[in-house]
Structure formats: structure tokens, C-alpha cells
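**Q** Would you be able to build a 3D model of this:
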Amino acid sequence: MMRSSRKFLLTGAWGLLAACGSQEPSVPEDLRSVELPATAAGLTATFSTGSVWSGGFGGVVTIKNTTSSAISDWSLTFKFNGDAALRGTPWGAGGSATQASDGSWTVLPNTWGGNNVPANGSVTVSFEGSGTFSGVGSCSINGYSCSGSTPPPVDTTPPTVSLSASPASLTSAGSVSLSAPASDNVGVARVEFYRNGILLSTDSSSPYSASDAFSSSSQNGTYSYTAKAYDAAGNSTTSSAASVVVSLTGGPTDPPPAGRMYIGYASSWNTSINDLTTANIPSYYTHLNIAFARPNTAYQKGSYEFDQAVAGLEFFEGATTNTGQKKFTPAQAQTLINNIQSLRTRGTQVWLSVGGWSYSQGDQWANFNAARVVDLAQDLGASGVDIDWESSGSSCNKQTADTFSCSKDGEIANIITSLDSTIRARGLNMGISIAGWSTGAYYVKGTPFEEGKVQWGSPFGGTMYSVVKNHGSKLHHINLMSYDGGEYYDPREGYESYRAIYNGPIAMGLEIAPEGAGGATLKLNAEPGTVYDAEMLTGQNNMATKYYNVETLATYMKNKGRPTDGMMVWQVWKERVHATPPAGAAGVNSAGQLVCQLLGIVSNCNQSIPNLPKY
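**A** Residues are numbered from 1 along each chain as shown. The predicted structure is shown next:
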């Protein structure tokens, strides 16, 4: 830890010779001040506390010169035991303190005399510490032990390590066993196991081994494993890679495509991966859409980089912050994967939602990368991919069905077809859903959904018409965003506009107030005397607030929808991360419980999402 420019001043060295003979030699003029290299020994360092208080202490280091010659420089490196740490700048003889990545501290002297330790004398360094002082575990001064003993020879010999992985081909759910025989001239400290370059686990006792579990076809692929052995001196060796091909035919069992749906979007911002548990998510949610991933993500399969910068997910554990980008640890990545698998095993499908409003701006959708999105969905163990294409600037000609078109039809069609092709090419049992704009199937001339017969002037009117009509067979279901449309938008008419061109399941959307646009407020119950299917498709753009409540809309879907239709909510964390609904409005739990009851979802309809902190 020494700087090469630091040297020691040795005085009185010639005086030492007097003890070896009868005559005191004369000291040559040019040797009366002799500078020795900074590796000179002779210093000791002892630690003590001058005061202790709750959460901290006052520390003192006494640096003693055990020789009869002054030493003019020193560098002290040590590690605290326990949770103690050095806080701020030391004083006395000390001038600076820095902490290395391994947790060790290096203290250097001040520049106004703190470097000088007199012959057979001492200097003190005082500092403020945090935590509880319980001594130091390692300590060196000028490269030598703080006790004054000579350090052992430096170990520069790296360990040897090899790796075997069994089986080399995994075709049914199970684990890959890793074994890494390792040896060293002094001793092996630990062996780290890596999967595709990402730390999988660490073993510090022989025989060194690890395992990697696989349970879903979404994990299919080729995996490269390596082992890295370390000794106590920090020398390391990485083994040759061992490859394993995983080709499973099954995975967590999702419910069959029958029965009512209740789909909840779960935003990742201001939340934690630990929130996505079966204890927190009521079982009446048949689907959970984790939002949002980047359309143009550069995610690489097996990297497990689920953070915001790469994947786009904004969980607390991997969020972009003012102080930098957080990165998932291997343990955190595995926790997220395990939570998703537990939800699916219980019967709640978990989908990866891509896009959303923020990620739909700019050219992210124009650079949509189906392969990378599927890589991400596979590593997460998702049931499918939900496309939330909210690209603005698509204008439609509002003509009849045979000539109807919009300016961005090609973009959204390419997104769906490339995603479908990628999933099919990999042989995955993974679905595709789409978030349909509230007015996305409107404004087709000659239909009940012409502009004026339904809501006027929506900038997104008709933007989903062509992709749903022409590529609907590729979709597992549609999540109808039947909100943010204002007081004249009628979700029942929005549903019928999509139903006219699509035969698959549709989930009518609810947004817990306050809404992002339009000013409508979702109520829980209908006013007395409300008829669930009245005043719709009359050719008049009627005020729809009377029907904008959970009871009316869920009753409509129950009686007018198909047996596989259902409801959707934006979003399960709405009250937690945004705002409490206004008085009289539906809440996340009250809406979910009523939907569960009205649609007859097989579940305990009294379950609630607990109060959780906003991160």
C-alpha cells in the first residue's frame, strides 16, 4: 500500500556500531541523513478506544518506532472486525483514510509532520468510528505485521481447478450437478461457480460442488458453467467450461384456457421483487402482468440482468437511481424467478409486459428485438409476453373495413409476427397478449363504431383495428384498456368494437382512480335502478359515467361476454405507488373482490393485497 516515493529517514545508525566495538566510528558527512526504502521494518500499531457511544466510538491508533532511528514515513492498512467502520478524516498524525473494495482501510500521515516517528518513540492517530469496535482482524504497517513480526513469504502460486457437469443433457425437470476438484500449495479458500459468466454459488469447503435446478421449458437452452478457485492470498484460477443442454418439455402448469380471467398489471417501480409472492397476490388474480420491459432490450439469455438499464424492470433491487444503476445479485435474480414460479404453480399466470407509455416514446418500438424479449421472458419463467404498444403518432384514414388503415400498422404487425415466429421457432409454450387502446377498434366507416356514433376525436381511434383483425389468431387474449377515455367513453362499446373483429378472450380493463387522463372516476357499485346494458350503441355519443362502475361492467361481461372473457385492472399497486382513490371510488381490493364474486372465479374472494411500503 506504499507509494514508491515514500522513504524512511534513519538517524543514529552509526551510533549503533558503538555497541559492537570499543571505538565510536566517525560519521561521514554524506551519511548523517540516510533514506532507506519504504519497506523498512520497525513500526508497530496498536488500537484502542478513547470513548464509546451508541452507534460509534472514538478510536486511537498508537504507532510506535521500535528502533533507535527515526522513521519518516508510514502507511497503515487494516480491517475492522464486525460492523465497525472509520468515519471522516483522521486527525493527530493521521491525514487521510480510504477504504478498498475488500473492506480494508488505509490510513496515511498528514503532510505537516505526522509522517515522522521518532526513535523509540510514538505518534497517535485519532479517528471517529461507527458501529461497535471489536478489534481488527488484519493489520499491516509498511507492509509488515502491526505486531512487528516479519510477514511470511508472499504466496504467488495459484490453485488448480477442474469442473465437471452432470448430466450433459437434461430432458426432464431436475438439477445439473457441478463438481470442482481444487488444490493449492497452501490451501484453497473457496470455489465460485458461474453459469454463463454469472455467479451461481460459492463453496468454501471440500469437496467443492453446486447444483442448478431446472423446472420449465422456458429455461431451455445451452448453459456454460465454469469454476473459479481462490487461495487465501487472492490468487485464482478459472476452469475450462463445461456445457449442458437443457431441453424440457414441460414447466409450471398454467390453468387451461377456460373460465373467467381477472388480470392485474403489477408495475415494478417503487416496489420490490419480494412483493411478488403468493401471500401478497390474492389467488383470484388469474394473471399477473409484470410491467414493463424495454421493447429494444439488449438482454442476453442467461445473464439474469433484470435491472432497469438492461431489461427495463424498475424493481428497487435493480432501479436506476441518482447515485447510479443498481444491479441484481445472483440471489436476487433467483428470488424473482422463484416467486414467479410459485405464483404459476399456485395457478396464477405471470406475464412479462413490454412497453407501456414511457418505453413507447422515441424509437424503442421501431427497434423491437423479439429474440431478446423472449430471452428475458424465458429466464424469468414467464407464461407469456404482453405487448403494451402505446406508440403515439399513428393516424388512421377512418374508411370502410376493406380500405381501413393506419400509418403505423406495419410497426405493430411486425412486432406481433416477429414475436410469434420467435416463440414458435424455439418450441415454447408461451402466449402473446396485447394491450388494446380504449378506442383502438373505433372509427371504421359503415360500422356501429364510426366517429360520432361513439366517442369523438380520440387520437388513438382505430390504431389497433388492423393488427387485431389480421393477426388475432396469434394472440392468446386482449387486455382492453377501457379507461383514460373521459366521461363520454363507454367501456361496453369499446369491448364490442374489439369483439366484432376478434374471437379470442377479452379482459375489460378497470383503472383505479385517479385516472391518468380523461377525468373519469371508477366507482364500485351501480346507482340504484341502473340497467347494465342500457344506453349503448344507440348511434349517439352519450355520457357514460352512470355505467362506469365495477358492478355494471363486471355484470355486463358476465352476461354479454364469452365464457373465457373477464376483467383487467391497472394496477395492483396503484394506491401504493400513486395515490389513494378519491372518496366513493373503487379501490384495488374492493374492485378485485367484487369482480371475483360477480364472475364466479374459483377462489376465496375475501382475500386482500396487504399494505406494503413504497420503495
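
**Q** Residue 57 bridge partners, please.
**A** Per DSSP bridges, residues listed as beta-bridge partners of residue 57: residue 52, residue 129.

**Q** Isn't it up against residue 129?
**A** Yes: judged on CB atoms under 8 Å, residue 57 makes contact with residue 129 at a distance of 4.7 Å. To be clear about C-beta, it is placed using only N, CA and C from the backbone, and glycine gets the same treatment.

**Q** Find the residues that touch each one of those two.
**A** Listed as contacting both residue 57 and residue 129 by CB atoms under 8 Å, 6 or more residues apart in numbering are 49, 84.

**Q** List the buried residues in stretch 225-240.
**A** Burial within stretch 225-240, assessed by neighbour count using 16 or more other CB atoms under 10 Å, is assigned to 225, 226, 227, 228, 229, 230, 231, 233, 235, 236, 237, 239.

**Q** quick check: mean pLDDT across it?
**A** Mean pLDDT, computed over stretch 225-240, is 95.

**Q** Which residues are in contact with residue 354?
**A** 292, 293, 294, 295, 312, 373, 385, 386, 387, 388.

**Q** what's around the fifth one, how many residues?
**A** Just to be clear, that refers to residue 312. 27 (other CB atoms under 10 Å).

**Q** Equivalent analysis for the last one, please.
**A** Counted with other CB under 10 Å, the burial measure for residue 388 works out to 23 neighbours.

**Q** Return the backbone torsion pair for it.
**A** The phi and psi values for residue 388, taken as degrees, to the nearest 10, are phi -110, psi 80.

**Q** All further residue positions should be reported with the first residue as 46.
**A** Taking 46 as the first residue, the last one we looked at is residue 433.

**Q** so where do the helices sit in the protein?
**A** Listed in chain order, the helices of the chain (DSSP state H) span 58-61, 375-391, 401-404, 415-425, 454-470, 510-516, 536-544, 595-605, 619-622, 633-644.

**Q** got those as JSON lines, with distance to residue 364 and mean pLDDT columns?
**A** Converted to JSON lines, these look like this (distance: least, CB to CB, whole Å; pLDDT from 0 to 100):
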{"stretch": "helix 58-61", "distance to residue 364": "60", "mean pLDDT": "32"}
{"stretch": "helix 375-391", "distance to residue 364": "12", "mean pLDDT": "91"}
{"stretch": "helix 401-404", "distance to residue 364": "14", "mean pLDDT": "92"}
{"stretch": "helix 415-425", "distance to residue 364": "17", "mean pLDDT": "95"}
{"stretch": "helix 454-470", "distance to residue 364": "26", "mean pLDDT": "95"}
{"stretch": "helix 510-516", "distance to residue 364": "32", "mean pLDDT": "95"}
{"stretch": "helix 536-544", "distance to residue 364": "33", "mean pLDDT": "96"}
{"stretch": "helix 595-605", "distance to residue 364": "32", "mean pLDDT": "97"}
{"stretch": "helix 619-622", "distance to residue 364": "13", "mean pLDDT": "90"}
{"stretch": "helix 633-644", "distance to residue 364": "22", "mean pLDDT": "96"}
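
**Q** Same list, the ones you listed, but as TSV with distance to residue 141 and mean neighbour count please.
**A** Below are the helices of the chain laid out as TSV (distance: least, CB to CB, whole Å; neighbours: other CB atoms under 10 Å):
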stretch	distance to residue 141	mean neighbour count
helix 58-61	30	14
helix 375-391	35	19
helix 401-404	43	17
helix 415-425	44	23
helix 454-470	55	17
helix 510-516	63	21
helix 536-544	65	24
helix 595-605	63	20
helix 619-622	43	19
helix 633-644	53	22
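
**Q** circling back to that earlier point, which of the buried residues of stretch 270-285 sits closest to residue 330?
**A** Of all the buried residues of stretch 270-285, residue 330 sits closest to residue 270, with 36.4 Å by CB to CB.

**Q** wait, isn't the closest one in contact with residue 289?
**A** Yes: at 6.8 Å, residue 270 counts as touching residue 289 under the criterion of CB under 8 Å.

**Q** Now list whatever residues contact both of those two.
**A** With CB under 8 Å, 6+ apart as the test, residue 270 and residue 289 both reach 210, 221.

**Q** returning to what we had before: for residue 578, state which of the buried residues of stretch 270-285 is nearest.
**A** Distance to residue 578 across these (CB to CB) is lowest for residue 270, with 59.7 Å.

**Q** Spit out the contact partners of the closest one.
**A** By CB under 8 Å, 6+ apart, the contact set of residue 270 is 208, 210, 221, 223, 238-240, 245, 257, 286-289.

**Q** how does it look with 10 Å?
**A** 208-210, 221, 223, 225, 238-242, 245, 255, 257, 284, 286-289 (CB atoms under 10 Å, 6 or more residues apart in numbering).

**Q** Give me the domain ranges for this protein.
**A** Using automatic domain parsing, the domain parsing of the chain gives 52-190, 205-291, 306-644.

**Q** Point out the most buried one among those domains.
**A** Comparing those by mean neighbour count (mean count of other CB atoms under 10 Å), domain 306-644 comes out on top with a mean of 20.

**Q** hang on, the earlier thing: of the helices of the chain, give the one that comes closest to residue 365.
**A** helix 401-404 (12.1 Å).

**Q** With that, I have no additional questions.
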